[in-house]
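> Provide a 3D model corresponding to the input given below.
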Amino acid sequence: MKLSFDNLLVVDIETVRSYKLFEDMPARLQKQWERKAGFLSAGEETSPKELFEDRGGIYAEFGKIIAISVGFFTYTGQELTLRIKAFYHDDEATLLNDFNSLLGKFDPSRLTLCGHNGKEFDFPYLCRRMLVNNIKLPAVLNTSGKKPWEVNHLDTMEMWKFGDRKNFTSLELLAAIFDIPSSKDDGIDGSEVSTVYYEEENGLQRIAEYCSRDVVVTAQLLLRLNQLPIVKEENIHRVEN
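Numbers count the residues shown, from 1 in each chain. Down below sits the predicted model:
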């Protein structure tokens, strides 16, 4: 399939555990996490509290979204450019509504979303958290009743697999082998997002910047997977409004 840049959004989300401490969770949720932790620990001597603070943000039932970054391609003359916009907020409902407002500016029948492992993580997580926040699912995310070819989602990890379903391949690894600049330049990675959010004074903004860099890497990887040249650094622009 020929890659079309029209109505294509590259998306990445950052998630954290929904409460700073395990003890802050309502007792009913604590009980549910303890049940889940029994499966996650697999016999290891790790307490539910430690598991929650380490991995709670991975699961939409126990986490929340704090940042969403999107990238879209345009042309400046004959040169391809990439525009990046970051949404971030402590209040998840506000964040998701802002993101939905952006999606509403595109023709839903033509809009395509792209992410790295987006089909397994970002897109389902967005749907689940929208439902929790009583937000109507946008057409591009609502896959209920759709046939596979009617779902307008691209996934760079799936593209790299070529049908091989055995292994997860990280964005950082693919960036390395395709010589794409890393998104980890300030020392943060996905495993540290909850700690940065809850412990650092300006953690949310730092996470949003990291999220935006991941979008740049994913967009560049999408180009390389289609055997196209990456966007020049001077043609990558952040959109503030």
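> identify each buried residue in the longest strand seen in the chain, please.
Using DSSP state E, we find that the single longest strand of the chain is strand 63-76. For strand 63-76, the neighbour count (16 or more other Cβ atoms under 10 Å) marks G63, K64, I65, I66, A67, I68, S69, V70, G71, F72, F73 as buried. (C-beta placed from N, C-alpha, C; glycine too.)
> ok, so of those, who is nearest N167?
Distance to N167 across the buried residues of strand 63-76 (Cβ to Cβ) is lowest for G63, with 24.4 Å.
> quick check, that closest one in contact with Y19.
No: using Cβ atoms under 8 Å, G63 makes no contact with Y19, being 9.6 Å away.
> who touches both of the two?
Shared contacts of G63 and Y19 (Cβ atoms under 8 Å, 6 or more residues apart in numbering): G56.
> follow-up on the earlier one: now the element after the longest strand of the chain, going C-ward?
strand 79-88 (DSSP states H and E).
> tell me what that next one is packed against?
strand 63-76, helix 92-103, helix 203-225, strand 236-239 (3 or more Cβ pairs under 8 Å, 6 or more residues apart in numbering; DSSP states H and E).
> can I get it in PDB? Just the C-alpha atoms.
Extracted C-alpha coordinates of strand 79-88, given in PDB (Å, rounded to 0.1, in the frame of the first residue of the first chain):
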ATOM      1  CA  GLU A  79      10.200  19.500   1.100                       C
ATOM      2  CA  LEU A  80       8.400  17.300   3.500                       C
ATOM      3  CA  THR A  81       7.800  18.800   6.900                       C
ATOM      4  CA  LEU A  82       6.600  17.400  10.200                       C
ATOM      5  CA  ARG A  83       4.500  19.400  12.600                       C
ATOM      6  CA  ILE A  84       4.200  18.200  16.200                       C
ATOM      7  CA  LYS A  85       1.600  19.200  18.800                       C
ATOM      8  CA  ALA A  86       1.600  18.100  22.400                       C
ATOM      9  CA  PHE A  87      -1.400  17.800  24.700                       C
ATOM     10  CA  TYR A  88      -0.800  17.400  28.400                       C
END
